[in-house]
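Novice: everything below, folded, please.
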Amino acid sequence: MTAVAAVNFLDRQILGVLLEPIREEFGLADWVLGLLTGFAFAVFYASLGIPIAALADRFSRRNIIVICTGIFSVMTAVCGGAQNFWHLFLARIGVGVGEAGTMPASQSIISNLFPIQSRAAAMGLLATGGNIGLMLGLLIGGWVNEWWGWRWAFAAAAIPGLLLAAGIWLTVKEPKRPYNPDEAAGTRPHVVAETIASIAYMARVPSIRWFTAGGALYGLTGYGLYTFMPSYFIRYHDFSTGEAGTVISIMTGVLGAIGTFLGGYICAKLAARRGLHWNGWLPAVAIVLSAPFMITMLLSDNAWLVIGLFIVPGFLSSVYAGPTWAIIQELVSPGRRAMAASVYMLIYNLIALGLGPVFTGTVSSVIEPYVGDQSLRYAMVAVVMISLGGAFAYVMASRSVTRDIEQLRSRR
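Specialist: Numbers count the residues shown, from 1 in each chain. So this is what the prediction gives:
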């Protein structure tokens, strides 16, 4: 499942390091780049996750993952054949359609295999797939673009997913569930009614609302920053696409993967010994520590100082993922875990992935007449400030999560 998450993020994030050559070839403004990287992908990725999650709660999650991985890999290759903005826009929609089904099914499988005491660590390992995929996307996209151009970079990125889909189909079995989906199917409402019921239930639980808000607000900052981070290094520090991809891949890929896993592992230990409120406190602390380093980094003109300052936010960039995914799975019944993951991802991706790049690109275009070529830098500083709202939401989640879980267990 971690490997699936890795190729998912590889195909999703490779566009970031290719934005500058695509911008130059098609003559695009920053706000259009934000639309291409955010809206074109996020709307379909987020909305289709709901019906696919409903299928994952009933049918083989392994088969859903195999099919979806094959689809987004093929559509990534199609991106390389785009002849204009609209071709690329439609191809990115296809990538979003394929990637919509992998994460809810993966989280459901892992929740079946790990109890709450160790689930945050397991989810933390799953979340490292995003860092690994980001690292591979930056490296493959950056260097293949320099050697053969951005079109071949998309083609190269599609190969790992196709191989992985075949490997899962041939070697992985569907894990057993804590309930029988065939027996449960007769007592379940229609998919639409079940979806509405799941959303309504999650909306009534205070800690789910706060955890979702925290993840979405911090995710908006993350996607708003890291989508344009290669452009930041290229424009302000004269890096090539390969150099920018290498630096960012080390910080957010290698260090970020270590921080993501350790975040989940430490949270699991703290939650087991001191209480589940640490699922909220740990992400809040990581966000607050990251913000001043990131702001100072974005405003610096010294490339080596920038790289040094990047270490802390790179390491802490995805600490929130494991604790958030794990606790939301515990706040719903086992038969709705894929749906819960999908509802969370729906809100998260519409806000974070859908608005993050658009926000940064739009602010950059709006202030460009006043600050000139420094506009992207200041737009990225502005999006960092939104993350502090995410930290506040996580603190609020920590205050209600224990009570909400006790109420759910008493109803069971």
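Novice: the stretch 101-250 of the chain: helices as residue ranges?
Specialist: Here the stretch 101-250 of the chain has its helices, by DSSP state H, counting those that start in this stretch, at 102-113, 116-148, 150-171, 181-185, 191-204, 206-226, 229-237, 241-248.
Novice: weakest of the ones you listed by average pLDDT?
Specialist: In terms of mean pLDDT, the lowest-scoring of the helices of the stretch 101-250 of the chain is helix 181-185 (a mean of 49).
Novice: if we can go back for a sec, got a markdown table for the helices of the stretch 101-250 of the chain, with mean neighbour count and distance to M294 too?
Specialist: Bear in mind the C-beta positions are built from the backbone N, C-alpha and C, glycine included. Output for the helices of the stretch 101-250 of the chain, formatted as a markdown table (neighbours: other CB atoms under 10 Å; distance: least, CB to CB, whole Å):
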| stretch | mean neighbour count | distance to M294 |
| --- | --- | --- |
| helix 102-113 | 24 | 26 |
| helix 116-148 | 23 | 16 |
| helix 150-171 | 18 | 27 |
| helix 181-185 | 11 | 44 |
| helix 191-204 | 15 | 31 |
| helix 206-226 | 25 | 7 |
| helix 229-237 | 21 | 10 |
| helix 241-248 | 24 | 13 |
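Novice: what's the closest of the ones you listed to G81?
Specialist: Among those, the nearest to G81 by CB to CB is helix 150-171 (7.0 Å).
Novice: now do that closest one against helix 241-248, angle only.
Specialist: Put simply, helix 150-171 runs at 50 degrees to helix 241-248, going by axes from the mean of the first three to the mean of the last three CA atoms, to 10 degrees.
Novice: what sits up against helix 150-171?
Specialist: 3-4, 7-8, 10-11, 14, 18, 21-22, 25, 62, 65-67, 69-70, 72-74, 76-82, 136-137, 140-141, 144-145 (CB atoms under 8 Å, 6 or more residues apart in numbering).
Novice: mind checking which of these are buried?
Specialist: For the contacts of helix 150-171, a neighbour count by 16 or more other CB atoms under 10 Å gives the buried set as 3-4, 7-8, 10-11, 14, 18, 21-22, 62, 65-67, 69-70, 72-74, 76-80, 82, 136-137, 140-141, 144-145.
Novice: look up how far R204 lies from the nearest residue to T324 once chain neighbours are set aside.
Specialist: Closest residue to T324 apart from its sequence neighbours, by CB to CB, 6 or more residues apart in numbering: G215 at 4.8 Å. Separation of G215 from R204 (CB to CB, to the nearest Å): 18 Å.
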